[in-house]
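Enquirer: would you be able to build a 3D model of this:
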Amino acid sequence: MQPNTARRQFACLVVALLITACSRDPKPGTPEAAAVGERYMRSMSDTLAHSKTFTFETSERIEVLPPSGEKRSLHFNRKVSVRRPNALFFELHKEGDAALEVHAFYDGRTVTLSEKPDSAWAHTAVPGTLDDMLDDVIRRFDLPVPIGDVVYSSPYDAFIGPSTRGGFVGRETIDDVPCVKLDYADDLVEVRLWLPASGPALPRRLEIVYKKAAAPLTTQVNFTNWKLDVPVTDATFAFRPPARRDPVEFPEFVTALVSRIVPLEPQAASPAAPETKTASKPAARKTVQ
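Expert: Next up is the predicted model:
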């Protein structure tokens with residue numbers, strides 16, 4: 001057999017295998033697609049739930065269409081450290097003209113937020129687990145936590161509520177990684193999640209469309225640099241107050257911070273409606289971001 005002929009036959013075999021694999025994908029909206037989505041979601045949830053410590057980074061984009069009709073895109077970078085069951089740290093950087101750098105510390109007793117470069121800071125007492133803390137700050141302060149669903153003790157239960165419907169909808173490649181695309185929705189949000197088609201089931205991309213926002217609002221989170229079960233010291237989650245700088249009131253700090261993260265027009269400044277805050281809903285998806 002000639003080398004060129006062998007190469008052509010091998011290429012045809014690869015294409016045939018790919019076509020066969022794709023043809024086995026279930027049609028979106030069918031029970032089979034829901035079952036495939038369930039399998040990937042459970043795998044993702046188990047992978048994260050069984051990791052006592054993990055770190056990751058994100059690049060994030062918020063797109064909002066205020067009543068004026070001028071679409072806005074805001075860009076962020078975030079670094080996150082998690083230690084179950086009761087420690088979280090992240091630093092958030094906003095890109096663009098109105099630059100922003102915020103650090104958040106949770107040590108099992110308090111949540112502290114600090115902003116650079118002016119060293120303003122605020123803290124509040126919170127419950128003693130990650131799940132209860134996230135529910136608490138979202139309920140009391142409408143504090144945006146777009147990465148919250150992957151931090152919960154059961155990410156599956158954070159994403160999938162009693163009224164959530166959806167499943168597998170297709171395949172896409174994210175940063176050269178072949179992924180399955182899952183799509184879920186309930187009365188409050190539509191959630192799109194991209195997970196690797198093979199290997200560790202760690203999220204590559206998350207999109208959230210907020211149906212109850214006062215203005216059309218979408219958040220995209222791209223995940224990179226996942227590290228599971230890595231050493232994370234107590235110092236990571238410990239905040240040291242700046243010298244000669246007293247804290248400000250936590251609600252005031254959060255209100256000012258959220259207005260800078262998602263600068264909606266005055267008539268659209270409060271997209272989270274009171275009736276959305278029910279205990280049966282996934283908590284981390286109820287807020288602005």
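Enquirer: and the residue lying closest to L48 once chain neighbours are set aside, what does it touch?
Expert: Once flanking residues are discounted, L48 sits nearest to P155: 5.2 Å by CB to CB, 6 or more residues apart in numbering. Using the backbone N, CA and C atoms, a C-beta is placed for each residue, glycine as well. Contacts for P155 were tallied using CB atoms under 8 Å, 6 or more residues apart in numbering; they are M44, S45, L48, A49, D149.
Enquirer: can you count the residues close to the fourth one?
Expert: Per other CB atoms under 10 Å, the neighbour tally for A49 reads 15.
Enquirer: state the distance from F56 to A33.
Expert: 28 Å (CB to CB, to the nearest Å).
Enquirer: please disregard the earlier target; I meant P127.
Expert: Using CB to CB, one obtains 37 Å as the distance from P127 to A33.
Enquirer: neighbour count for those two, which is higher?
Expert: In this view P127 and A33 are compared by other CB under 10 Å, and A33 has more residues nearby, 20 against 15.
Enquirer: residue contacts, the more buried one?
Expert: Contact partners of A33, counting by CB under 8 Å, 6+ apart, are P26, K27, G167, F168, V169.
Enquirer: now the second one: closest residue in space, sequence neighbours ignored.
Expert: Setting aside the residues directly before and after it, K27 is nearest to A33 in space (CB to CB, 6+ apart), at 6.3 Å.
Enquirer: same thing with the third one?
Expert: In space, G167 comes closest to G37 once its chain neighbours are excluded; the distance is 3.1 Å by CB to CB, 6+ apart.
Enquirer: residue ranges with poor pLDDT in the stretch 101-250 of the chain?
Expert: Flagging of the stretch 101-250 of the chain using pLDDT under 70 yields the residue ranges 214-215.
Enquirer: helices of that one, residue ranges please.
Expert: In the stretch 101-250 of the chain, helices defined by DSSP state H, counting those that start in this stretch lie at 130-141, 148-151, 155-159, 250-261, listed in chain order.
Enquirer: what does the last one rub up against?
Expert: Outside helix 250-261, the residues that touch it by CB under 8 Å, 6+ apart are 62, 74, 76, 94, 98, 100, 102, 113, 115, 120-124, 141-144, 269, 288-289.
Enquirer: please pick the buried ones from those.
Expert: Neighbour-count burial (16 or more other CB atoms under 10 Å) is assigned, among those, to 62, 74, 76, 94, 100, 102, 113, 115, 120-124, 141-144, 288-289.
Enquirer: all strands of this protein, in order?
Expert: 53-64, 72-83, 87-94, 100-106, 110-116, 120-125, 165-174, 177-185, 189-196, 205-210, 217-228 (DSSP state E).
Enquirer: what sits against E249?
Expert: Neighbours of E249 in contact, by CB under 8 Å, 6+ apart: A122.
Enquirer: before we move on, what about V191?
Expert: By CB under 8 Å, 6+ apart, the residues touching V191 are F159, G166, D183, Y184, A185, L206, E207, I208, V209, R285.
Enquirer: turn those residues into a markdown table, columns for distance to T233.
Expert: Shown next, in a markdown table, are the contacts of V191 (distance: CB to CB, whole Å):
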| residue | distance to T233 |
| --- | --- |
| F159 | 30 |
| G166 | 39 |
| D183 | 39 |
| Y184 | 36 |
| A185 | 40 |
| L206 | 28 |
| E207 | 33 |
| I208 | 32 |
| V209 | 38 |
| R285 | 31 |
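Enquirer: dump the strands of the chain into JSON lines; add distance to E252 as well.
Expert: Output for the strands of the chain, formatted as JSON lines (distance: least, CB to CB, whole Å):
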{"stretch": "strand 53-64", "distance to E252": "22"}
{"stretch": "strand 72-83", "distance to E252": "22"}
{"stretch": "strand 87-94", "distance to E252": "19"}
{"stretch": "strand 100-106", "distance to E252": "15"}
{"stretch": "strand 110-116", "distance to E252": "11"}
{"stretch": "strand 120-125", "distance to E252": "8"}
{"stretch": "strand 165-174", "distance to E252": "38"}
{"stretch": "strand 177-185", "distance to E252": "35"}
{"stretch": "strand 189-196", "distance to E252": "28"}
{"stretch": "strand 205-210", "distance to E252": "24"}
{"stretch": "strand 217-228", "distance to E252": "23"}
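Enquirer: for these, which one sits closest to A238?
Expert: Proximity to A238 (CB to CB) singles out strand 100-106 among the strands of the chain, at 6.9 Å.
Enquirer: pull out the buried positions in that closest one.
Expert: The neighbour-count check on strand 100-106 (16+ other CB under 10 Å) flags L100, V102, H103, A104, F105, Y106 as buried.
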